[in-house]
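Engineer: When you get a sec, could you give me coordinates for this:
(2 chains)
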Amino acid sequence: MIRTFLIVLMLSLASAASQAADLQSFGRGSWSKLRAAHDGQPTVIHFWGLTCAPCLVEMPEWGKLRTERPDMRLVMVAADPVPQDPARVADMLSRADLGQVENWAFTDRFNERLRYEIDPAWAGELPRTLLIDRDGKETVLTGVADLAEVRAWLEAQKKR
Amino acid sequence: MRALLALTMLMLVAASAAAQHQHQHGKPGAAGPEAFTATPAFGPDGTLWLVRAMADKIVVVRSTDLGKTFSEPVAVTPEPMNLDWGPDARARIVVDPKGGLVVTFAIFQDRNFNGRAFYARSRDNGASFSKPQPITADQTSQRFETAAVDPSTGRVFAAWLDKRNVAKARAAGKPYPGAALAYAWEDGEAGFGPTSIALDNTCECCRLGIAFAGPGKPAVVFRNIFPGSIRDHAVVTFKDEKTPGPVRRVSADEWKIEACPHHGPSIAILPDGSYHVAWFTDGSARKGLFYARADNGDTPFGAPRALSTPRRQPARPYLLANGTALHVVWKEFDGTKSMVRWQVSHDSGRTWSDPRTVADTVDASDHPLLAANAGRAYLSWLTKADGYRLIPLEDQP
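Structural biologist: Okay, the predicted model is just below:
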């Protein structure tokens, strides 16, 4: 029993390590690059934070949705007001099974500037989800997202 | 199923322990979050005292030429400490009427943001500080500790957000949203006396504001949790040193949020007894930065007045009563620069000067703060690009 447990534990740690998130540094100008890279494609952008408790509760749900909808273009942005240790950000993403999606993390302490580039009226509250359709039309979901709404939006994009 | 859950939890613990281990052997604090604050206090002799939280240490410097030059730093923390780097956390300093200094600050005890609040004293005019001592014996969690000197008695009052009752409720299987507003008074020589809880279920992660309504009567402004997880502001004024008064709501913004905004209020009380509060909200009734006044400690607060517009990210308001003048500053962002905007009122907050920009910067900055000395008010602001600045506010009473 103990041996089985240890093997399971080691395998799970090994798999967590192999799925370590490839974290891109989000600084000044990153937002326009990110947007340009997904131009013309329905995209879901989820802003979260290591220091945001409701975000951490919600994260595994996004991991499940990602598994359920591998066609979804999902971008995760860790937007902590004080930049966090990238190793811990990557660790959380892996644990939520989100290590393989496009991942960014705020690395510039000039939080006002980063937020302004994304949305001048965003006061920084997390979590926050942005649904961007083919034409660039944005739908903002503030707080913990209703994933039924996200699913419905994804379906609506298919039909267009 | 239960076995699977236990296994999963064990694995999470193991993964977290592994990450911790890795972190300790990496470059210390190289990529981690860091405290970056400077908080001022003027002494009775006009000396400017400044406490700086820098990554893992706290130091005090002083200036006798209004911030033009500073002394060599004196360490408050003898060894590196895991300082609370939260956006609304701050090492603070107060000067008592005899010139004694009290520094307060908090550390993180663990990775779940449980804090421990400390204080250190200097009785030799800032040449050295006592070894930091916990502000309270309870070890659960304390954050956002704020000290203030009662101007009538010279006694130091401290308030903070305390989670001891969360632990008790959890042990009893009961829900306990938020934290408690806790307080203690200095007990003379040794430090702070016994801790009391003024109020349960306040929001847990915003700074507090303190002003004095009279001898032994601190007034504390804080983000409260009203029914339905509405996180709007309230003021509690003490009837005497040991008796907190009722909760007075500042404004019904209706900000329903199950999270920590890390964006606390500010309070000032003028000699006419009027109360003045400035705060940030993202409520359904209003969004942005606001100011409101009340004629005294018993009357309701008047209609909130917006400071700036939400598209300029107005944030971090701070109020100061200087004689009969009332100053307010806050931070704004115009797409390139962060700036400190300032207004002054000479009629108890009824009418205000047009907002003016008194400082700006092109990189990250601490919250703007105000301090007064010899009848003059000053903006105190720490910035990444331009360092620390003490800027006199020109329009004086």
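
Engineer: residue ranges for the helices of chain B, please.
Structural biologist: Counting by DSSP state H, residue ranges of the helices within chain B are B:2-25, B:164-171.

Engineer: quick one: average confidence on the first one?
Structural biologist: Averaged across helix B:2-25, pLDDT comes to 39.

Engineer: low-scoring pLDDT stretches of chain B, where are they?
Structural biologist: Counting by pLDDT under 70, chain B shows low-confidence ranges at B:1-31, B:188-189, B:395-397.

Engineer: one more time with 80, if that's ok
Structural biologist: The model of chain B has pLDDT under 80 over residues B:1-31, B:187-190, B:258-260, B:395-397.

Engineer: And for chain A?
Structural biologist: By pLDDT under 80, the low-scoring segments of chain A are A:1-21, A:160.

Engineer: Please enumerate the strands of it.
Structural biologist: For chain A, the strands identified by DSSP state E occupy A:23-26, A:43-48, A:74-78, A:102-106, A:128-132, A:138-142, in order along the chain.

Engineer: Quick one: these as TSV, columns for mean neighbour count and distance to B:Gln343 too.
Structural biologist: To be clear about C-beta, it is placed using only N, CA and C from the backbone, and glycine gets the same treatment. What follows is the strands of chain A, written out as TSV (neighbours: other CB atoms under 10 Å in any protein chain shown; distance: least, CB to CB, whole Å):
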stretch	mean neighbour count	distance to B:Gln343
strand A:23-26	17	34
strand A:43-48	25	33
strand A:74-78	24	35
strand A:102-106	22	31
strand A:128-132	21	31
strand A:138-142	13	30
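
Engineer: Reformat the ones you listed as CSV; add distance to chain B.
Structural biologist: CSV is the format used below for the strands of chain A (distance: least, CB to the nearest CB, whole Å):
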stretch, distance to chain B
strand A:23-26, 11
strand A:43-48, 11
strand A:74-78, 12
strand A:102-106, 10
strand A:128-132, 11
strand A:138-142, 8
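
Engineer: mind giving me CSV with those and columns for distance to A:Val57?
Structural biologist: Written out in CSV, the entries for the strands of chain A read as follows (distance: least, CB to CB, whole Å):
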stretch, distance to A:Val57
strand A:23-26, 21
strand A:43-48, 11
strand A:74-78, 15
strand A:102-106, 19
strand A:128-132, 15
strand A:138-142, 16
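
Engineer: Chain A: helices as residue ranges?
Structural biologist: A:2-18, A:30-37, A:53-68, A:86-95, A:111-118, A:147-159.

Engineer: Out of the ones you listed, which gets nearest to chain B?
Structural biologist: Distances from chain B to each of the helices of chain A were compared using CB to the nearest CB; the minimum, 4.1 Å, belongs to helix A:111-118.

Engineer: does the closest one come close to chain B?
Structural biologist: Yes - using CB under 8 Å from any CB of the partner chain, helix A:111-118 reaches chain B at A:Asn111, A:Glu112, A:Arg113, A:Arg115, A:Tyr116.

Engineer: Now for the residue nearest to the third one when sequence neighbours are not counted, how many residues are close by?
Structural biologist: In space, not counting the residues next to it along the chain, A:Arg113 is nearest to A:Arg28; the distance is 6.0 Å by CB to CB, 6 or more residues apart in numbering or on different chains. Burial measure for A:Arg28: 11 neighbouring residues, criterion other CB atoms under 10 Å in any protein chain shown.

Engineer: quick one: A:Arg28 and B:Pro87, what's the gap?
Structural biologist: Remark: distance between A:Arg28 and B:Pro87 (CB to CB, to the nearest Å) = 19 Å.

Engineer: Ok, B:Arg312 next?
Structural biologist: Taken as CB to CB, the span from B:Arg312 to B:Pro87 is 19 Å.

Engineer: Same check on B:Pro355?
Structural biologist: Distance from B:Pro355 to B:Pro87, by CB to CB: 24 Å.

Engineer: more crowded one of these two?
Structural biologist: For B:Pro355 against B:Pro87, the residue with the higher neighbour count under other CB under 10 Å is B:Pro87, and the figures read 23 against 16.

Engineer: For the more buried one, give me its contacts.
Structural biologist: Counting by CB atoms under 8 Å, 6 or more residues apart in numbering or on different chains, B:Pro87 touches A:Pro81, A:Val82, B:His262, B:His263.

Engineer: ranking those by neighbours, who comes first?
Structural biologist: Most neighbours among these, by other CB under 10 Å: B:His263, with 24 neighbours.

Engineer: Give the closest residue to that one in space, chain neighbours not counted.
Structural biologist: In space, B:His263 is closest to B:Phe280, 4.5 Å off (CB to CB, 6+ apart).

Engineer: Look up which residues are beta-bridged to that neighbour.
Structural biologist: With beta bridges defined as DSSP bridges, B:Phe280 has these partners: B:Leu289.

Engineer: Against B:Tyr291, how distant is it?
Structural biologist: As it turns out, when the distance is counted by CB to CB, B:Phe280 lies 11 Å from B:Tyr291.

Engineer: cool, and A:Ala96?
Structural biologist: 41 Å.

Engineer: next one: A:Val144
Structural biologist: Distance from A:Val144 to B:Tyr291, counting by CB to CB: 31 Å.

Engineer: Looking at the two, which one has more neighbours?
Structural biologist: In this view A:Val144 and B:Tyr291 are compared by other CB under 10 Å, and B:Tyr291 has more residues nearby, 25 against 17.

Engineer: Might one say that the more buried one is in contact with B:Thr281?
Structural biologist: No - B:Tyr291 sits out of contact with B:Thr281 when judged by CB atoms under 8 Å, with a separation of 11.8 Å.

Engineer: wait, what's in contact with the most centrally placed residue in chain A?
Structural biologist: Nearest to the mean C-alpha position of chain A, by CA atoms, centre = their mean, lies A:Met76 at 1.9 Å. Remark: with contacts taken as CB under 8 Å, 6+ apart, A:Met76 is in contact with A:Ile45, A:His46, A:Trp48, A:Trp62, A:Leu93, A:Leu98, A:Val101, A:Glu102, A:Asn103, A:Trp104.

Engineer: which residues does it bridge with?
Structural biologist: Counting by DSSP bridges, A:Met76 forms beta bridges with A:His46, A:Asn103.

Engineer: which parts of chain A sit against chain B?
Structural biologist: For chain A, the contact set with chain B under CB under 8 Å from any CB comprises A:5, A:8-9, A:12-13, A:16, A:51-54, A:80-88, A:91, A:95, A:108-113, A:115-116, A:120-121, A:123, A:125-126, A:143-144.
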